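Q: this is a predicted model, with the sequence first.
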Amino acid sequence: MKHDLAYWQGGTREQRREADRELVRGVGAEGHPVLARSMYPGMRIGGAPWWPTPWRWGFGWSYPRGYGVLTSDEQRQVNERRAAMKGDSSNSVSGVSYDHK
């Protein structure tokens with residue numbers, strides 16, 4: 001799922017906000033508007049980068065990563081992981097399910 005990849009790589013506050021909004025729009029477009037609206041507050045609170053959880057924003061990096069633009073080395077690693085995932089049938093990002101869309 002695109003949202004899982006966004007959370008794995010992390011980034012800025014605005015990138016997280018947009019990733020969460022995109023997921024909500026997608027769930028709503030699939031015919032679940034009430035579920036979509038109820039998901040958003042949970043994602044905003046539970047997915048914050050300061051929680052030491054495996055689903056936090058930027059969970060692909062050492063804790064604590066926080067918010068911020070990816071360094072050139074981090075972006076290179078993200079690009080390598082994405083390229084590897086295209087040829088990997090397990091569709092996994094660091095143990096989290098990922099469906100290519």
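A: Sure thing, it's come through. Numbering: from 1, shown residues only.

Q: report all helices and strands that the longest helix anywhere in the chain contacts.
A: Of all the segments assigned as helix in the chain under DSSP state H, the longest by residue count is helix 13-29. Other elements packing on helix 13-29 under the criterion 3 or more CB pairs under 8 Å, 6 or more residues apart in numbering; DSSP states H and E are helix 2-9, helix 33-46. Backbone N, C-alpha and C define where each C-beta goes, glycine included.

Q: if you average pLDDT over it, what comes out?
A: Averaging pLDDT along helix 13-29 yields 96.

Q: tell me the buried residues in that helix?
A: Using 16 or more other CB atoms under 10 Å as the test for burial, helix 13-29 gives 15, 16, 19, 20, 23, 24, 27.

Q: look at the residue lying closest to residue 11 once chain neighbours are set aside and say how many residues are nearby.
A: In this structure, residue 11 finds its nearest non-sequential neighbour in residue 70, 6.0 Å apart by CB to CB, 6 or more residues apart in numbering. Using other CB atoms under 10 Å as the criterion, residue 70 is surrounded by 18 other residues.

Q: same thing with the one 5 residues further on?
A: Other residues near residue 75 come to 13 when the count uses other CB under 10 Å.

Q: output the lowest mean pLDDT helix or strand found in the chain.
A: strand 96-97 (a mean of 42; mean pLDDT, DSSP states H and E).

Q: shaky segments in this structure?
A: Along the chain, the model assigns pLDDT under 70 to residues 88-101.

Q: where's the most centrally placed residue in the chain relative to residue 69, distance?
A: When the chain is reduced to its mean C-alpha position, the closest residue under CA atoms, centre = their mean turns out to be residue 7, at 2.1 Å. Distance, residue 7 to residue 69, by CB to CB, to the nearest Å: 16 Å.

Q: residue 13 too?
A: If you measure residue 13 against residue 69 using CB to CB, the figure is 11 Å.

Q: I am finished for the moment; much appreciated.
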